[in-house]
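In: Sequence and predicted structure are below.
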Amino acid sequence: MGWRGTLALAALLLLVGVYAYFDVISGQQDVSIRSLLRELRPTPPGQDAPKVLHYEPEEIEAIHLRRGDVDLRVQRRDGKWLHASRPDALDDFLANLLSLAEIMTVEVAKQDLPDHGLDPPKAIVELQRADGSTITLRIGSRNPPATGVYVQIDSSEHVTLTGALIVWELEKAMDAASPGE
């Protein structure tokens with residue numbers, strides 16, 4: 001290809017670039033390249049979704065974990081978890097629970113709770129605040145694609161689908177809450 005072909009190709013590329021630029025910015029106030037790149041970046045999943053739980057990790061003074069025959073309870077005194085094999089992991093557990101996003105609310109009749117693993121629940125996490133109030137998270141089954149888990153908060157009749165990460169977090173917390181050797 002000669003210089004004329006290269007010039008024609010460069011002009012065509014410039015024309016397509018200008019068209020794409022103006023097509024993307026239509027309706028935007030800020031037309032800088034930086035705003036375009038920021039605009040094209042999607043919001044990570046769960047970042048805009050409402051959170052399942054709301055509390056301050058520092059206000060939790062006891063954690064009670066139940067799954068199957070395993071029943072573990074740990075208590076915090078003076079900022080330290082007592083009788084736990086990995087106290088730092090319990091702090092991580094409390095922080096990670098706060099990141100659980102509400103994927104969707106599912107309409108489930110009371111008689112259908114067993115179908116979602118919530119009657120009886122597969123696991124229960126109770127968080128006791130310093131003021132004596134308790135947050136109870138009832139963990140059920142995974143959804144059919146196994147990407148989420150059905151949960152209920154306190155005595156709510158609503159069933160929420162949240163990320164399956166909660167199962168892994170529960171496993172780590174149960175290991176951390178086991179008495180140290």
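Out: Perfect, I can see it now.
In: Quick check: chain neighbours aside, which residue is closest to the residue nearest the centre of the chain?
Out: The residue lying closest to the centre of the chain (C-alpha atoms, centre = their mean) is Leu100, at 2.6 Å. Of all residues not flanking Leu100 in the chain, Val52 sits nearest, at 4.3 Å (C-beta to C-beta, 6 or more residues apart in numbering). Using the backbone N, CA and C atoms, a C-beta is placed for each residue, glycine as well.
In: dump the residue contacts of the closest residue to Leu118 other than its chain neighbours.
Out: Nearest residue to Leu118, sequence neighbours excluded (C-beta to C-beta, 6+ apart): Gly140, at 4.0 Å. By C-beta atoms under 8 Å, 6 or more residues apart in numbering, the residues touching Gly140 are Leu113, His116, Gly117, Leu118, Pro121, Lys122, Val149, Tyr150, Val151, Gln152, Val159.
In: Roughly how far does Gly140 sit from Leu113?
Out: 8 Å (C-beta to C-beta, to the nearest Å).
In: okay, and the common contacts of the two?
Out: Val159.
In: for the protein, where's the lowest mean pLDDT among helices and strands?
Out: Every helix and strand in the chain was compared by mean pLDDT, DSSP states H and E; the lowest is helix 33-40, with a mean of 59.
In: So Pro176 sits against Arg86, correct?
Out: I think there's a mix-up here, since residue 176 is Ala and not Pro. Yes - using C-beta atoms under 8 Å, Ala176 is in contact with Arg86, at 3.9 Å.
In: List the buried residues in the longest helix belonging to the chain.
Out: In the chain, with assignment by DSSP state H, the single longest helix is helix 3-25. Residues of helix 3-25 classed as buried: none (neighbour count, 16 or more other C-beta atoms under 10 Å).
In: what's the answer for stretch 165-174, then?
Out: Applying 16+ other C-beta under 10 Å to stretch 165-174 flags Leu165, Ile166, Glu169, Leu170, Ala173, Met174 as buried.
In: Check the secondary structure at Glu157 for me.
Out: Secondary structure, DSSP: H, G, I helix; E, B strand; the rest coil: Glu157 is coil.
In: ok, and the closest non-adjacent residue to it?
Out: Residue nearest to Glu157 in three dimensions, not counting chain neighbours: Lys110, with 7.5 Å by C-beta to C-beta, 6+ apart.
In: And for Asp131?
Out: Excluding the flanking residues, the one nearest Asp131 by C-beta to C-beta, 6+ apart is Glu59, at 7.5 Å.
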